[in-house]
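J.: pasting a predicted model and its sequence here:
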Amino acid sequence: MEPQKKSFFRRHRWLLWLAGTVALVLVAVGVVLGIVARRFEPYLRARIVQGLEDRFHSHVELDGFHVAVNNIRRGEWGIWATGTGLRIWPPRAINGRQVLDIGSESGSGLPLIALDEFSFHAPLRWEETKTIHIAEVHLKGLHIHVPPRAAKDQMPAAPPAQSLQPAQSTSSAPAHPKIPPVAIDRIVCENADLTLATNKPGKLPMSFAIPHLTLTQITLTGPMHYIADVLNPKPKGMVHSEGNFGPWVTADPGMSAIAGSYTMDKADLGVFHGIAGLITASGNYTGTLRDLAVTGTATVPDFRLTHFGNPMPLTTGYSAHVDGTDGDTWLNHVNARLGGSQFTTDGQIVRVRLDSGSGVPQSTVQPARDGIAAQQSSLHEARDGHSIDLNVNIAQGRIEDFLKLAGKTPTPILTGTVAAKAHLLIPPGADVVEQRIKLDGAFQLNKARFTSEKIQGKIQQLSLRGQGKPEDLKNSDPTLVRSDMKGSFHMARGSIALPDLDYSVPGADIQLSGSYALDGALNFTGTARMEAKVSQMVGGWKGFLLKPADRFFSKDGAGTLVPITIKGTREAPDFGIDTSRLGWKGTRAENPATKQQPQQ
């Protein structure tokens, strides 16, 4: 009988001893590294706090910090550090000079920077003569709250720049070998927000949610490159931005330089009551966090007034100055095109703080997260609105573009060339925009033609009879008659007052005073001046019978002077004679100084 064959491990028992020894060594190494990490952890924590206090010249707090040693990063042994609850408070006075107003309502009680979590990986070994490279620092929940600047009378004179020394650390670090300089290749941040407080009474601070932020080319003394996605509050949409930020100004972070480009795709204008459309914009900006110069273009292919609903293409090119602390915008120059009409504007868009009962539904602050963000949101419970104050200049536009925008039918009632200058004011409020608009100016309309055959036919009759050519009515083309119109206007509460409207066609000139409501209602009184006499306007044997009446209607150099009224609607106007102004001596001419002004 053959002897039983021994197993492999019984024949090579030494392998089991070797494997066991290696396992014990690995466990021992892990234990040793864990002990080293625990002993190194307080020192590294103190070094981080000290470095931040020196850089920001302020008090720094760190709730939690943990260090582990492992090889889970690309198979390399290294130090994994994680921290929670980091807070960097506003800088202390430097040589007696405090630039920030940290005692104000919007600046007190909040850290300058609050960070929920951070983590990074560093090599396990380094040389004191070489820089330590950290490939990436990951941040989560970064909250930056920049206090407003102090009033000038609260700031002592600035000391010489060379006398501003870094603050002494309030932390005591254990005695360890010196750590060489550290270089960070990239910082990746999720769920950040930036709040810039203002020192203007009654104004709300500006807050921006930044879902994604990446920083590269990181340095303490120069600018850093950034790529960011910023949630624009009004109109609500995501803005993608790239550029350079820094260097960080320790005494006043709001004065830190920033420059870059931006794009915004299909943000909804519906947050502004009364208008609608999707806006796409791009451009560049430069300046500081508090003070920006912005240039760019914007396109709204479906711009419309919600009360009327006719979409019109709107494009703009603009240059503006923006106050980053409260969102106030000064438009230096805007070139705009609505349909086929070019016009320019300049003025300002001011962000206004409103009471909670004002009816404005949109707050400037994004939904707050727990902790510091919740504290920040408590500062901005009031609601905001915008006061728009613009000067508008239309050198040569098309009246049909503007009438289509403010009409309920796709076909405008009138075509022609329009020139106008106006002052536009839209105060904040919950009412639709056409009820809030206040517009004052003057216009001139040339070569106008009504698109309604019925109305244009009446204009033809007016022109030919006014010239004393009633016999041409059957053979002439009414579409060839062109009108001119000019006057001043005042718009408020959805109604346009026209106190001195002058409407003319060949053979007739009509002077009117009254109002035109945006819903189409007409209410005008005035005087029609004809070149021809009454008998010439009628013609034929009827005209011969009316010759005795000529002297009653011929006044002030006109062949015929007739008091008229225009009532009805824009689509169906009702022309009539104002009999109350007819007397036995003929038409009583109106004295413009005694005209009854339409209700404003």
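T.: Sure thing, it's come through. Numbering: from 1, shown residues only.
J.: output stretch 189-201 as PDB, nothing but the C-alphas.
T.: What follows is stretch 189-201, C-alpha atoms only, in PDB (Å, rounded to 0.1, in the frame of the first residue of the first chain):
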ATOM      1  CA  CYS A 189     -15.600  73.100  -4.400                       C
ATOM      2  CA  GLU A 190     -19.200  72.000  -4.300                       C
ATOM      3  CA  ASN A 191     -22.200  74.000  -3.000                       C
ATOM      4  CA  ALA A 192     -20.600  77.400  -2.300                       C
ATOM      5  CA  ASP A 193     -22.300  80.800  -1.800                       C
ATOM      6  CA  LEU A 194     -21.000  84.300  -1.800                       C
ATOM      7  CA  THR A 195     -22.700  87.200   0.000                       C
ATOM      8  CA  LEU A 196     -21.500  90.800  -0.400                       C
ATOM      9  CA  ALA A 197     -22.900  93.000   2.300                       C
ATOM     10  CA  THR A 198     -23.700  96.700   1.600                       C
ATOM     11  CA  ASN A 199     -23.300  99.800   3.800                       C
ATOM     12  CA  LYS A 200     -26.200 101.600   2.000                       C
ATOM     13  CA  PRO A 201     -29.200 102.100   4.200                       C
END
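J.: same question for it: list its buried residues.
T.: By neighbour count on 16 or more other Cβ atoms under 10 Å, the buried set for stretch 189-201 is 189, 191, 192, 193, 194, 195, 196, 197, 198, 199. No exception for glycine: its C-beta is placed from N, CA and C like everyone else's.
J.: next one: stretch 450-461
T.: With burial defined by 16+ other Cβ under 10 Å, the residues of stretch 450-461 counted as buried are 450, 452, 455, 456, 459, 460, 461.
J.: just stretch 411-428 next, same as before
T.: Buried residues in stretch 411-428, defined by neighbour count with 16+ other Cβ under 10 Å: 412-420, 422, 424-426, 428.
J.: what mean pLDDT does that stretch have?
T.: Averaged over stretch 411-428, pLDDT sits at 90.
J.: one step back: quick one: which of the buried residues of stretch 189-201 is nearest to residue 149?
T.: Among the buried residues of stretch 189-201, residue 199 lies closest to residue 149 (Cβ to Cβ), at 6.0 Å.
J.: how about that closest one: what's its closest non-neighbour residue?
T.: Distances taken as Cβ to Cβ, 6 or more residues apart in numbering put residue 148 closest to residue 199, at 3.7 Å, once the chain neighbours are dropped.
J.: roughly how far apart are that neighbour and residue 59?
T.: Counting by Cβ to Cβ, to the nearest Å, the gap from residue 148 to residue 59 is 20 Å.
J.: which residue of these two possesses the greater neighbour count?
T.: A side-by-side neighbour count of residue 148 and residue 59, using other Cβ atoms under 10 Å, places residue 148 first with 24 against 20.
J.: if I've got this straight, residue 434 is in a helix?
T.: Yes: counting by DSSP: H, G, I helix; E, B strand; the rest coil, residue 434 falls inside a helix.
J.: which ones are touching it?
T.: Contacts for residue 434 (Cβ atoms under 8 Å, 6 or more residues apart in numbering) come out as 274, 305, 307, 406, 494, 518.
J.: quickly list what residue 487 is bridged to.
T.: residue 443 (DSSP bridges).
J.: mind checking how far it is from residue 497?
T.: As judged by Cβ to Cβ, residue 487 and residue 497 stand 10 Å apart.
J.: going along the chain, name the helices of the chain.
T.: Assigned by DSSP state H, the helices in the chain fall at 8-11, 13-56, 372-377, 399-405, 433-436, 453-466, 534-538, 540-545, 550-553.
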